[in-house]
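J.: below are the sequence and a predicted model for it; my questions follow.
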Amino acid sequence: MSYQVKENIVNIFSGLLISTIYALIIYQRHQEGRFDLTEDFTTWGVIFIIFMIVSVIARIIIYIIFHIINAIALQKEEDIPVSDERDKLIKLKATRNSHYAFSITFASVFVFLAFGMPVYGIFIAFLIGGLLSELIDNGSQIYYHSKGI
Amino acid sequence: MSKSIIQNSLRKMRFLAGELTQQQLADELKVSRQTVVAIEKGNYSPSLELAFRIARVFNTTIEEVFTYEPVKK
């Protein structure tokens, strides 16, 4: 398994893990009545900002752990391969796919709004759309690395 | 993913160059071994620049390494 494939698998799992844990914590606090996510949209802004910070910190920690486990498994430190033209093309195509996914989510939100979805649903849809597009990005990279472009 | 219509004789070229390994070729070209594998399998068509660099490693022309097989209609 190439370094890029392993890195993308780690990205998928870390993305799912961080988002799920964070969503559960927020939902629990909402249930406890600490804030009302159906009315207070300022809180949504704060939630998203904290999520971005938490996500970056958690990913750094997960990357460090991944490198340690990878080095132990290979019994040597694996050099991070230099990104060549094929890697750049794969990243470009994967980014395109993830943008398609997020654009579809974005357009769908307005369709659902027109059919009576509550306004706070926009934020939940953006959260799910963001996660989905990230999964598609990493999934596409794995696919292109293994099957070719 | 469909195979490229650009065929290559990279495996033969490596053999003729004294069984040059994929890693050695990748190091010469400053690309990853995965890229060399993908080109050799026909899963990736390199850029013109990389194609020239490959040909230069084997002291030959691009036409000797890569051939274009147009799809017959």
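T.: On my side now, so go ahead.
J.: where does chain A get nearest to chain B, which residue?
T.: A:Gly148 (2.7 Å; C-beta to the nearest C-beta). Heads up, the C-betas are built off the backbone N, CA and C, glycines and all.
J.: okay, that residue and A:Phe110: tell me how far apart.
T.: For A:Gly148, the distance to A:Phe110 equals 37 Å [C-beta to C-beta, to the nearest Å].
J.: higher neighbour count, those two?
T.: Shown here are A:Gly148 and A:Phe110; by other C-beta atoms under 10 Å in any protein chain shown, A:Gly148 has more neighbours (20 against 12).
J.: you'd agree that one is up against B:Val37?
T.: No: counting by C-beta atoms under 8 Å, A:Gly148 stays clear of B:Val37, with 9.8 Å between them.
J.: does B:Thr67 fall in a helix, a strand, or a coil region?
T.: Here B:Thr67 is strand, with the state taken from DSSP: H, G, I helix; E, B strand; the rest coil.
J.: what's near enough to touch it?
T.: By C-beta atoms under 8 Å, 6 or more residues apart in numbering or on different chains, B:Thr67 lies in contact with B:Ile6, B:Gln7, B:Asn8, B:Ser9.
J.: any residues of chain A in contact with chain B? List them.
T.: A:Ser2, A:Gln4, A:Pro81, A:Val82, A:Asp84, A:Glu85, A:Arg86, A:Asp87, A:His145, A:Lys147, A:Gly148, A:Ile149 (C-beta under 8 Å from any C-beta of the partner chain).
J.: dump the residues you listed to TSV, plus secondary structure and pLDDT.
T.: What follows is these, written out as TSV (DSSP: H, G, I helix; E, B strand; the rest coil; pLDDT from 0 to 100):
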residue	secondary structure	pLDDT
A:Ser2	coil	80
A:Gln4	helix	84
A:Pro81	coil	71
A:Val82	coil	75
A:Asp84	coil	89
A:Glu85	helix	93
A:Arg86	helix	93
A:Asp87	helix	92
A:His145	helix	89
A:Lys147	helix	85
A:Gly148	coil	82
A:Ile149	coil	81
